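Asker: Sharing a model prediction with you, sequence too.
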Amino acid sequence: MTEQSHAADPPILEVRDLQKFFPVGTMFARRNLRALHHVSFTLRRGKVLALVGESGSGKSTAARCVARLIEPSAGQILFKGKDMLAEERRGASLQYRGDVQMIFQDPFGSLNPVKSIAHHLARPLRIHKKSSGTKETAERVDQLLESVGLAPARQFSDKYPYELSGGQRQRVSFARALAVEPEVVLADEPISMLDVSIRMGILNLMERLKDEHGIAYLYITHDLASARYFADETIVMYAGQIVEGAASEELIQHPAHPYTQRLLDAVPDPKAEHGFKQGAGGWQPPILVDPPPGCPFADRCPHAMPVCREIMPGRTTLNAVHWVRCHLHGSGESSPGLSEPNLPLSA
């Protein structure tokens, strides 16, 4: 499928104004921790959207809401145009949970240590009725293992997770997700716990599976280098809000938001110059419990102006594949409840 036809395709999954609040404190002094605030993005078939940000920015919370592992406080999750939160209230959840699969950061923690690899792959096949009978299930398990590079399959199917390496366990996680023939994969830091020497192998596996099955990926990472390599588009999250989005190469070459510039400065590249020095603006953590108005990055930003602490800017379009929410580039569109669909990657 060509780039132009991909761009014309309707989104397979669209998140609109997603919010998540966690109550903290006692019953007499209850406050809200704002984990997600009006988060919006779209996924298209056969494309990769990277969601980057530091630890605690809300990346995994967003993915868990989309995967329906936790309940969002507000917003919409549209899958093929249908509001899945409304559909679930009508009892239509199993199909969506098969179509949208999640790969977790720790492959060992996501696998049952007392169950064989064959069990981990056969169980979703039975639950989602992707195979019938013991023989067909065993054949399908072998196919799944070989599809993720674990061959010959019989050398792996009877083993237990602790008998495999970290990279092999992560390949099993991908095989388990593929068992139910998903259309969307939410990959939450899938290579961060692996040795550097095998990370590229997992990314290449993800690329091949995307091409073979037309999977749409939400690739969650704090590693901008891997996002640049793997993702078509990258969006940046800080303190539960999306602050910038662009085609991945454009974002790396021309970061517009001061927070994105700081992330790039953290990449081990002594020749990189983005206008930030270590410690500029301080290292204060963002305020997530009953946060003040304005940009959440204002207290850490060396370019902060009075308006930054009063009003969160809307989205300012910089070019056809790049937008940002920062007063340095204009006030943008109105920010309350602003829906921020991804910009097209090509005209």
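Answerer: Received it, and whenever you're ready, just let me know what you need.
Asker: what's F79 in contact with, if anything?
Answerer: I12, L13, Y96, D99, V100, V184 (C-beta atoms under 8 Å, 6 or more residues apart in numbering). Bear in mind the C-beta positions are built from the backbone N, C-alpha and C, glycine included.
Asker: Check those residues and tell me the two furthest apart.
Answerer: Largest separation among the contacts of F79 by C-beta to C-beta: I12 and Y96, giving 11.9 Å.
Asker: what about the two, which has more around it?
Answerer: I12 (22 against 19; other C-beta atoms under 10 Å).
Asker: re the thing from before, can you tell me which of the contacts of F79 end up in helices?
Answerer: Y96, D99 (DSSP state H).
Asker: Lowest-confidence entry in the contacts of F79?
Answerer: Within the set of those, pLDDT is lowest for Y96 (89).
Asker: Find the nearest non-adjacent residue to that one, please.
Answerer: M84 (5.2 Å; C-beta to C-beta, 6 or more residues apart in numbering).
Asker: Now the one you found: phi and psi?
Answerer: phi -70, psi -20 (degrees, to the nearest 10).
Asker: and what of L49?
Answerer: According to degrees, to the nearest 10, L49 has phi -110, psi 120.
Asker: That one and E233 touch, don't they?
Answerer: Yes - the pair L49 and E233 passes the contact test of C-beta atoms under 8 Å, sitting 5.3 Å apart.
Asker: Between these two, which is the more surrounded one?
Answerer: E233 (26 against 23).
Asker: Bridged to the more buried one, which residues?
Answerer: In this entry, E233 is beta-bridged to L49, A247, by DSSP bridges.
Asker: That one contacts R44, doesn't it?
Answerer: No - counting by C-beta under 8 Å, E233 does not reach R44; the two are 9.3 Å apart.
Asker: returning to what we had before: the residue nearest to Y96: how many residues sit nearby?
Answerer: 22.
Asker: close enough to count as contact, it and A67?
Answerer: No - with contact defined as C-beta under 8 Å, M84 does not count as touching A67 (10.7 Å).
Asker: So, low pLDDT: which residues of the chain?
Answerer: Applying pLDDT under 70 to the chain picks out residues 1-8, 89-92, 268-285, 333-347.
Asker: can you give me the helices in it?
Answerer: 3-8, 59-66, 84-89, 94-99, 117-127, 134-147, 154-157, 166-178, 196-213, 224-230, 248-253, 258-265.
Asker: can you tell me which of the ones you listed comes nearest to F22?
Answerer: It's helix 59-66; of the helices of the chain, that one is closest to F22 (C-beta to C-beta) at 8.9 Å.
Asker: Run through who's touching the closest one.
Answerer: With C-beta under 8 Å, 6+ apart, helix 59-66 has contacts from 13, 15, 18, 20, 35-36, 39, 51-53, 70-72, 77, 100, 102, 105, 186, 188-189, 218, 220, 237, 240.
Asker: Filter those down to just the buried residues.
Answerer: 13, 15, 18, 20, 35-36, 39, 51-53, 72, 77, 100, 102, 105, 186, 188-189, 218, 220, 237, 240 (16 or more other C-beta atoms under 10 Å).
Asker: Now, the residues you listed that are in strands?
Answerer: 13, 15, 18, 20, 35-36, 39, 51-52, 77, 100, 102, 186, 188, 218, 220, 237 (DSSP state E).
Asker: can you put the contacts of F79 in a markdown table and add distance to C326?
Answerer: Formatted as a markdown table, the contacts of F79 follow (distance: C-beta to C-beta, whole Å):
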| residue | distance to C326 |
| --- | --- |
| I12 | 30 |
| L13 | 27 |
| Y96 | 35 |
| D99 | 36 |
| V100 | 32 |
| V184 | 30 |
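Asker: Using CSV, write out every CA atom in stretch 304-324.
Answerer: Extracted in CSV, the C-alpha atoms of stretch 304-324 (Å, rounded to 0.1, in the frame of the first residue of the first chain):
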residue,chain,number,x,y,z
ALA,A,304,9.0,30.7,30.6
MET,A,305,6.9,33.9,30.5
PRO,A,306,4.2,35.1,32.8
VAL,A,307,1.5,33.9,30.4
CYS,A,308,3.0,30.4,30.5
ARG,A,309,1.9,30.0,34.2
GLU,A,310,-1.6,31.3,33.5
ILE,A,311,-2.8,29.7,30.2
MET,A,312,-2.0,26.4,28.5
PRO,A,313,-1.5,27.2,24.8
GLY,A,314,-3.5,25.5,22.1
ARG,A,315,-1.9,23.8,19.2
THR,A,316,0.2,25.9,16.8
THR,A,317,0.8,24.3,13.4
LEU,A,318,4.4,24.9,12.3
ASN,A,319,4.2,23.0,9.0
ALA,A,320,2.4,20.2,7.3
VAL,A,321,3.9,17.6,9.6
HIS,A,322,4.7,19.5,12.8
TRP,A,323,2.6,21.1,15.6
VAL,A,324,3.4,22.3,19.1
